[in-house]
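Novice: need coordinates for the following:
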Amino acid sequence: MIIGNGQLAQAFKELDKRDDVIIFASGVANSNCTDKSEFEKEKDLLIKTLINNKKKKFVYFSSCALSAKEYQLNDYYIHKQNMEKIIKEHSASYYIFRIPQLFADIKRHSTLINYLFYAIKEEKEIKIYKDAFRYVIALDDVHTIVIQLIEHHKGGTTLDIANSYRYSIAEIVEIIEQLTNKKANSTLINKKDAYTLDLIDLYNTISQYNIDGIKFGKSYLYDKLLSKLSL
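Specialist: Just a heads-up that it's a prediction; the model follows:
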């Protein structure tokens, strides 16, 4: 069963008719959200789904920011933290996957990568934080790792899924400039926004379950975006 209809939910549509797995991909997606009613709506749906599916594998997508002890959490991240706690209290077979900046097809989604891509392509003005860094992950790689774990791991796990290289926003802009052959109309702002992840558990998981075809590293974002633009 799949709860949700966004790009994460659509990525796992082959599991929709499975009666032993719940993919919970519904709720607040905007990390700048401060609307308590939206948080409560997701919380109510989450609790209802957990109560009605106690014996099923339960998959939830959270944020890598929760793994960084030094990162100051806003309302959205505190909400995600609370959702994780509820899941752990109500499910014996949960899979919490913490993800960073997610990207899939190059369409007009409200994600960072897609926003920057179209802003640069259409020569719109953008503001870049001088000391801002982001981890990224492609949706197809999230799918590969998640499927392997729900098929072969008994559950009760929380895992960060992210490319190992942490990009500055300026680097992301440079990559998109190369791919679009356009120069960004950008203004640099003196502001810091960054955290660091320890991804040893992810590497151990990839090795343990023989997950092939994922090539993390500095060239990951360029290579993935290039492949999507070539489709």
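
Novice: just the pLDDT for residue 7.
Specialist: Listed pLDDT for residue 7 reads 88.

Novice: determine the number of other residues adjacent to it.
Specialist: 17 (other Cβ atoms under 10 Å). Any C-beta I mention is one placed from the backbone N, CA and C, and that applies to glycine too.

Novice: same thing with residue 159?
Specialist: Counted with other Cβ under 10 Å, residues neighbouring residue 159 total 20.

Novice: show me what contacts the residue nearest in space to the middle of the chain?
Specialist: Centroid-nearest residue in the chain: residue 99, 3.3 Å away (criterion: Cα atoms, centre = their mean). Contacts for residue 99 (Cβ atoms under 8 Å, 6 or more residues apart in numbering) come out as 61, 62, 63, 64, 137, 142, 160, 161, 162.

Novice: rerun that using 6 Å as the cut-off
Specialist: 61, 137, 161 (Cβ atoms under 6 Å, 6 or more residues apart in numbering).

Novice: show residues contacting stretch 68-77.
Specialist: Under the contact criterion Cβ under 6 Å, 6+ apart, stretch 68-77 has outside partners 31, 33, 34, 63, 65, 195.

Novice: now with 7 Å, please.
Specialist: Stretch 68-77 has contacts (Cβ atoms under 7 Å, 6 or more residues apart in numbering) with 28, 31, 32, 33, 34, 63, 65, 66, 81, 195, 196, 197.

Novice: that one: which residues count as buried?
Specialist: 68, 71, 76, 77 (16 or more other Cβ atoms under 10 Å).

Novice: for that stretch, C-alpha coordinates in CSV please.
Specialist: The C-alpha trace of stretch 68-77 is given here as CSV (Å, rounded to 0.1, in the frame of the first residue of the first chain):
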residue,chain,number,x,y,z
ALA,A,68,23.6,16.2,12.3
LYS,A,69,23.8,17.0,15.9
GLU,A,70,25.2,20.5,15.2
TYR,A,71,22.4,21.6,12.9
GLN,A,72,19.7,23.9,14.3
LEU,A,73,16.3,22.4,13.7
ASN,A,74,13.4,24.5,12.5
ASP,A,75,9.7,23.7,12.9
TYR,A,76,9.8,21.3,9.9
TYR,A,77,12.7,19.3,11.2
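
Novice: now the strands for the chain?
Specialist: 2-3, 21-24, 57-63, 94-99, 101-103, 125-134, 136-138, 157-160, 167-168, 185-193 (DSSP state E).

Novice: now those strands in JSON lines, with mean pLDDT?
Specialist: Shown next, in JSON lines, are the strands of the chain (pLDDT from 0 to 100):
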{"stretch": "strand 2-3", "mean pLDDT": "94"}
{"stretch": "strand 21-24", "mean pLDDT": "96"}
{"stretch": "strand 57-63", "mean pLDDT": "97"}
{"stretch": "strand 94-99", "mean pLDDT": "98"}
{"stretch": "strand 101-103", "mean pLDDT": "94"}
{"stretch": "strand 125-134", "mean pLDDT": "92"}
{"stretch": "strand 136-138", "mean pLDDT": "97"}
{"stretch": "strand 157-160", "mean pLDDT": "97"}
{"stretch": "strand 167-168", "mean pLDDT": "96"}
{"stretch": "strand 185-193", "mean pLDDT": "91"}
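
Novice: redo those strands as a markdown table? Include distance to residue 210.
Specialist: Converted to a markdown table, these look like this (distance: least, Cβ to Cβ, whole Å):
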| stretch | distance to residue 210 |
| --- | --- |
| strand 2-3 | 26 |
| strand 21-24 | 21 |
| strand 57-63 | 20 |
| strand 94-99 | 18 |
| strand 101-103 | 24 |
| strand 125-134 | 29 |
| strand 136-138 | 20 |
| strand 157-160 | 16 |
| strand 167-168 | 28 |
| strand 185-193 | 36 |
